[in-house]
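Undergrad: sequence first, then the predicted structure:
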Amino acid sequence: MLIETENTPNPSTVKFLPGQAVMETGTRDFASPEDAEASPLAEALFNLGDVTGVFFGYDFISVTAAPGVNWSDLKPNVLSVLLDHFSANMPLFKPGSAGEISVPAEDAHWEESPEDADIVAQIRELIETRVRPAVASDGGDIVYRGFNKGIVYLQMQGACAGCPSSSATLKQGIESLLKHYVPEVVEVRAA
C-alpha cells in the first residue's frame, strides 16, 4: 500500500492520501485526544504525542503537529500508523460510538430570518459546489454556520483551522466569491 503525502498551506499540517475512501459521507474533525476516543485511528495518531489535530476527509487524513515539531521526524511515525490501520482494514470508528455522526453545533445568535431562505440556499450551494472542493484540496473543510444581516459565518476545519492564510482565504477568496454571486452578502467572518 502506498500513502501519498501533500503539504498544505498550513505549515503545521500535512495531508495523507491512502488511495481509498476514508469517510464515505461528511467529514470529521478531532481537535483533542478526548475527541479522538471515538476512532481507533485518530486515537493512535494522537498517541504519537506530537499530534494536536486529526481531520478525516473523503479520501484523505490531515494531521496537525504541535508547534515546533519537525515534520521530517513525525511523518514516518504517522505513515506507520496509517499503513497499519489501512492494511489491516481496521474500522475508522469504534462500534456503537456513533463516532461517524458529526452534527455541527447550533449557534443561537446566528438565527436566520425566514425571509433570507433564498439567500441562504444560494450561499450554501456556492459553498458546497465551489468552496468546499477547493478547501478539501488543501486538507480541510469549511462549514456554514449562519447568515445574519449580510454577514456569513463560516468555520474552517482540518488543515484550514489555524492556518496562517485562512483569514486571507475567507476575506479575499470566499468573501469575494459570495459577494459576486449573492449581492446581499456584505462580509464573511470566521465562526
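TA: Great, that's in hand.

Undergrad: now the farthest one out in this protein, which residue is it?
TA: Here the chain reaches farthest from its C-alpha mean at residue 115, the gap being 30.1 Å by Cα atoms, centre = their mean.

Undergrad: mind listing what's buried along the helix ranked longest in the chain?
TA: Ordering each helix of the chain by length in residues (DSSP state H) puts helix 71-87 first. Buried residues in helix 71-87, counted by 16 or more other Cβ atoms under 10 Å: 71, 74, 78, 81, 82, 85, 86. The C-beta positions use only the backbone N, C-alpha and C, and glycine is treated the same way.

Undergrad: mind giving me CSV with the residues you listed and columns for distance to residue 171 and pLDDT?
TA: Listed next are the buried residues of helix 71-87 as CSV, based on distance: Cβ to Cβ, whole Å; pLDDT from 0 to 100:
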residue, distance to residue 171, pLDDT
71, 28, 94
74, 31, 95
78, 32, 96
81, 36, 96
82, 34, 96
85, 37, 95
86, 37, 94
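
Undergrad: surely residue 74 is in contact with residue 49?
TA: No. Taking contacts as Cβ atoms under 8 Å, residue 74 lies outside contact range of residue 49: 9.3 Å.

Undergrad: tell me where the protein has strands.
TA: Taking DSSP state E, the strands of the chain run over residues 4-7, 13-17, 28-30, 51-56, 61-65, 140-148, 151-158, 187-190.

Undergrad: to residue 171, which of the ones you listed lies closest?
TA: With Cβ to Cβ as the criterion, residue 171 lies closest to strand 187-190 of the strands of the chain, at 6.9 Å.

Undergrad: who does that closest one pair up with?
TA: Sheet pairing of strand 187-190 (DSSP bridges) gives strand 151-158 (parallel).

Undergrad: list the buried ones in the strand it pairs with?
TA: Using 16+ other Cβ under 10 Å as the test for burial, strand 151-158 gives 152, 153, 154, 155, 156, 157, 158.

Undergrad: separation between residue 139 and residue 178?
TA: Residue 139 sits 22 Å away from residue 178, going by Cβ to Cβ, to the nearest Å.

Undergrad: looking at this protein, which helix or strand is least sure?
TA: Within the chain, confidence by mean pLDDT, DSSP states H and E is lowest for helix 166-168 among all helices and strands, at a mean of 68.

Undergrad: what number of residues lie near the nearest residue to residue 116 once chain neighbours are set aside?
TA: Leaving aside its sequence neighbours, residue 116 sits nearest to residue 147 (Cβ to Cβ, 6 or more residues apart in numbering; 5.9 Å). By other Cβ atoms under 10 Å, 24 other residues sit near residue 147.

Undergrad: begin at 878 from here
TA: Taking 878 as the first residue, the last one we looked at is residue 1024.

Undergrad: can you pull the pLDDT of residue 1024?
TA: pLDDT recorded at residue 1024 is 90.

Undergrad: find the residue closest to residue 941 in space, skipping its chain neighbours.
TA: Using Cβ to Cβ, 6+ apart and skipping residues adjacent in sequence, the residue nearest residue 941 is residue 930, 3.5 Å away.
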